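**Q** Build me a structure from this.
(one chain, ligands or ions: 2)
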Amino acid sequence: MFKKVVIAGVGLIGGSLGLALSKRKLAAEVVGVDPNRENLRLAVQVGAVQRTETLAEAVPGADLLILATPIGVTLGVLEMAVPYLTPGTVITDVGSVKGQLVDRAEAMLPAGVHFVGGHPMAGREVTGVAGAREDLFEGASYILTTTQSTNAAACVRLKRFIQALGAHPVELGCREHDRAVALISHLPHLLAATLVITVAGEPAQELLLKLAGGGFRDTTRIAAANPTMWRDILLTNREMVLEAVCKFRRQLEQIEQSMHDFNQEELVSSLEQAKQVREALPENRKHHIALQKLYEKLGEAEGILINNNFR
Ligand SMILES: NC(=O)C1=CN([C@@H]2O[C@H](COP(=O)(O)OP(=O)(O)OC[C@H]3O[C@@H](n4cnc5c(N)ncnc54)[C@H](O)[C@@H]3O)[C@@H](O)[C@H]2O)C=CC1
Ligand SMILES: O=C(O)C(=O)Cc1ccc(O)cc1
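**A** Numbers count the residues shown, from 1 in each chain. Ligands and ions are numbered 1, 2, ... in the order given. Alright, predicted model coming up:
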């Protein structure tokens, strides 16, 4: 699919993309760029990249440049890459918030080089290439943030790449993206952290955590993720996240009121609505991929895939 892929930032996401590229034979060579020498050494050792270079050495002639850096440095890295870019390179990022990034990236590129923002909706609560997984993106949605200037051919190449990772490409505008992830990713992270802090504030914290079963674990897993990454995400998407927090607070107040009023009907109605929506979530997306393959084999793919919203 690609001759040369350069990954700037070979951490959890960059490393997982590198492993997937290598294991699925999607690139003849994958080159890693990262200021963290230990990360680079490990990245080569686990096979996430074949070799490491400086940005200036790696960028010329790349088919694909993936910026998998912390969101605060992504534009700076791209700016440093600009003098070395050659026509034909497609650039994408993996950042959790887009904001002005895509417009600014598009504005700084030379002719023949195209940027399409990307965001895999998959991750882990660990940091660094040590946690990288080749199958991390399997079954996940992978957002491409398109603008009026998005190059159609670059977008098609990235969609094919995403499909080859076993993920589902979804096109969204940048603002649409930031609003959506505020609700389904950033708000849940804030709530998981708040839930843990609420319990940690109790005098019997140790006992409470010992007693905590699956419910507490399931709802708080993501609270163990990298705090500085999440600080950057929450503050970069501040406006949308604060809107989501406001919505959540109103919803919580409504449930609180039903309890104050001993309003059984209203309480059940809220819980019933939540149950129905939660049950409609695909439980195991890998299971859906297996089903998709089966349907394809049966030659019934079109109808069933459309009915199941795989498109
Ligand atoms: N962790 C997760 O679950 C997910 C993270 N993301 C996004 O992926 C991006 C990376 O996150 P992770 O892989 O989790 O972080 P990470 O900390 O595991 O990896 C980031 C890597 O970037 C490197 N780096 C820092 N400055 C650099 C520079 N100037 N040039 C090149 N490399 C540099 C670091 O040394 C590190 O190896 C973030 O923008 C985040 O928003 C997206 C989806 C999921
Ligand atoms: O750990 C998980 O399950 C996640 O969902 C992680 C995650 C973190 C940040 C993103 O922008 C997307 C996904």
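**Q** Show me what from the stretch 1-150 of the chain comes close to ligand 1.
**A** 8-14, 33-36, 39, 68-71, 73, 77, 94-96, 120, 123-124, 127-128 (Cβ under 6 Å from any ligand atom). C-beta coordinates here come from the backbone N, C-alpha and C atoms, glycine included.
**Q** I meant to write the stretch 151-300 of the chain there.
**A** 229, 233.
**Q** For the stretch 151-300 of the chain, which residues score under the pLDDT cut-off?
**A** Scanning the stretch 151-300 of the chain for pLDDT under 70 picks out 283-300.
**Q** Give the buried subset of the residues of the stretch 1-150 of the chain next to ligand 1 as a PyMOL selection command.
**A** What follows is the PyMOL syntax for the buried subset of these, where burial is set by 16 or more other Cβ atoms under 10 Å:
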select buried, resi 8+9+10+11+12+13+14+33+34+39+68+69+70+71+77+94+95+96+120+123+124+127+128
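**Q** Which ones, among the residues of the stretch 1-150 of the chain next to ligand 1, also lie beside ligand 2?
**A** When contact is defined as Cβ under 6 Å from any ligand atom, those meet ligand 2 at 96, 123-124.
**Q** is it possible to export the residues you listed to TSV including secondary structure, distance to residue 282 and pLDDT?
**A** Formatted as TSV, those follow (DSSP: H, G, I helix; E, B strand; the rest coil; distance: Cβ to Cβ, whole Å; pLDDT from 0 to 100):
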residue	secondary structure	distance to residue 282	pLDDT
96	coil	21	98
123	coil	17	94
124	coil	19	93
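**Q** neighbours around residue 279, how many?
**A** Neighbour count for residue 279, taken as other Cβ atoms under 10 Å: 8.
**Q** who's in contact with it?
**A** Applying Cβ atoms under 8 Å, 6 or more residues apart in numbering, one finds that residue 279 lies in contact with no residue.
**Q** now it: how far from ligand 1?
**A** Per Cβ to the nearest ligand atom, to the nearest Å, residue 279 is found 25 Å from ligand 1.
**Q** what does residue 182 give?
**A** 13 Å.
**Q** residues touching the closest residue in space to that residue that isn't next to it in sequence, list them.
**A** Spatial nearest neighbour of residue 182, excluding adjacent residues (Cβ to Cβ, 6 or more residues apart in numbering): residue 240 at 3.6 Å. Residue 240 makes contact with 178-179, 181-182, 186 under the criterion Cβ under 8 Å, 6+ apart.
**Q** Work out for me the element residue 5 sits within.
**A** strand 2-8 (DSSP states H and E).
**Q** Show me what counts as buried in that strand.
**A** For strand 2-8, by 16+ other Cβ under 10 Å, it's 2, 4-8.
**Q** The stretch 151-300 of the chain: strands as residue ranges?
**A** Under the criterion DSSP state E, counting those that start in this stretch, the stretch 151-300 of the chain contains strands at 168-172.
**Q** who in the stretch 51-200 of the chain is up against ligand 2?
**A** So the stretch 51-200 of the chain meets ligand 2 at 96, 121-125, 185 (Cβ under 6 Å from any ligand atom).
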